[in-house]
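Engineer: build the 3D model from these lines:
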Amino acid sequence: MGAAQSQDEFKKQAAEAALNHVQGGVVGVGTGSTVNHFIDYLATIKGRIDGAVSSSEASSKRLEQHGIPVLDLNSVGTLSLYVDGADESNQSLQLIKGGGGALTREKIVAAASERFVCIADESKLVSVLGRFPLPVEVIPMARSYVARELAKLGGNPVWREGFTTDNGNLILDVHGLEIAEPMALEQDINNIAGVVTVGIFALRPADVLILGAASGPRTVTI
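Structural biologist: Below you'll find the model as predicted:
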């Protein structure tokens, strides 16, 4: 089994294990390769849920292909469960998300959920966040200004050219950060004019982290 194949198997492990947290009702669903596996597994028990709230157009399409109703968060209210992946997690379950560009909707659904279960392969658990470039969603007219402000914070922002978010905005990927205080940096970047949101999930971290690994899925909680 190659490295890429084993990593995909680990993602599937974590995704399948997350089904144990589904108790019915409406499920919040994130975005990305690991979540795609979760959606596929969720389809096997779709009769037990009322539908899903999705964080991206891509996830909505996959849910609909499985016959799972996609509902509007405004009409649903508070969700009991949100399942999503991560690009990095520390031991406090503070995350970097947004590699797929869905960070704003992901952050909204996470905030509206009572329980956030994060699913990933074991390589995503790190001691300090920041090796994965930090995504920041910005209003198009603010791109250059926000990039200058991010550089003042010690990062190297790179415009993700050719990519537009589902909200019609742009992404700056910030390289070279060591995020020792995720909550503080999340607030500082969110306060920059023109920033829609930053891909640090520290003010609302995950409640449970399920990691796929060679020895089987393991669960990390705070």
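
Engineer: and the lengthiest helix in the chain, what other elements does it pack with?
Structural biologist: Criterion DSSP state H: the longest helix present in the chain is helix 3-17. Of the remaining helices and strands, those touching helix 3-17 by 3 or more CB pairs under 8 Å, 6 or more residues apart in numbering; DSSP states H and E are helix 33-42, strand 116-121, strand 208-212. C-betas here are computed from N, CA, C, even on glycine.

Engineer: how much space separates the closest residue to residue 128 other than its chain neighbours from residue 131?
Structural biologist: Spatial nearest neighbour of residue 128, chain neighbours left out: residue 178 (5.5 Å); criterion: CB to CB, 6 or more residues apart in numbering. Applying CB to CB, to the nearest Å, the value for residue 178 to residue 131 is 8 Å.

Engineer: out of the two, which sits in the busier spot?
Structural biologist: residue 131 (16 against 10; other CB atoms under 10 Å).

Engineer: can you show me the helices along the chain?
Structural biologist: Using DSSP H, helices in the chain cover 3-17, 33-42, 57-65, 73-76, 103-111, 143-152, 182-190.

Engineer: check the gap between the closest residue to residue 11 other than its chain neighbours and residue 61 for me.
Structural biologist: When the adjacent residues along the chain are set aside, residue 11 lies closest to residue 34, with 4.3 Å between them (CB to CB, 6+ apart). Between residue 34 and residue 61 the computed distance is 17 Å (CB to CB).

Engineer: neighbour-wise, which of those two wins?
Structural biologist: When neighbours are counted by other CB under 10 Å, residue 34 and residue 61 differ, and residue 34 comes out ahead with 28 against 11.

Engineer: for that one, give me its contacts.
Structural biologist: If you count contacts by CB atoms under 8 Å, 6 or more residues apart in numbering, residue 34 has them with 11, 14-15, 85, 119-121.

Engineer: ditto for residue 192
Structural biologist: Contacts were defined as CB under 8 Å, 6+ apart; by that measure residue 192 touches 146, 149-150.

Engineer: again with residue 84
Structural biologist: Applying CB under 8 Å, 6+ apart, we find residue 84 in contact with 28-32, 35, 55, 97, 106, 109-110, 116-119.

Engineer: try 10 Å this time
Structural biologist: 18, 28-32, 34-35, 38, 55, 59, 95, 97, 102, 106-107, 109-110, 113, 116-120, 201, 206 (CB atoms under 10 Å, 6 or more residues apart in numbering).
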